[in-house]
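Asks: Sequence plus predicted model, see below.
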Amino acid sequence: NPSVRQLVLGWIVLLDSMPQVDMIAFLPHYLEGLFGILASDNRDFRLKAQECLDGLLEEIRKSASERPERTQQAIAQAA
């Protein structure tokens, strides 16, 4: 459902923009859904999901140097 995808993506982007919310800790809960949106037929959804994933990757890289154990655990759980 496009409306649900838009809502979920909007919430992920909003929460990711809040410094007090550690989205990497919740990575296992939403990463698969983001990849699903990335495979959407809707170009706007794909672009927004790609932007979100790019931002997440940057956060993961930063977190990997600052808190490697936590980052490795979140990635392992998401795999």
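Replies: Received, thanks. Please read all numbers here as calculations on a predicted model, not as lab measurements.

Asks: Please make it C-alpha for all contacts and neighbour counts, starting now.
Replies: Will do.

Asks: Please report phi then psi for M18.
Replies: Taking degrees, to the nearest 10, you get phi -90, psi 120 for the backbone angles of M18.

Asks: pLDDT wise, what is it at?
Replies: Residue-level confidence at M18 comes out at 91, pLDDT.

Asks: Over to P2?
Replies: Looking at P2, its pLDDT reads 86.

Asks: and it, how many neighbours?
Replies: The local packing of P2 (other Cα atoms under 10 Å) involves 12 other residues.

Asks: show me the contacts for it.
Replies: Counting by Cα atoms under 8 Å, 6 or more residues apart in numbering, P2 touches no other residue.

Asks: Could you measure from it over to A25?
Replies: With the distance defined as Cα to Cα, to the nearest Å, P2 ends up 26 Å from A25.

Asks: Could you do K48 as well?
Replies: Taking Cα to Cα, one finds K48 at 21 Å from A25.
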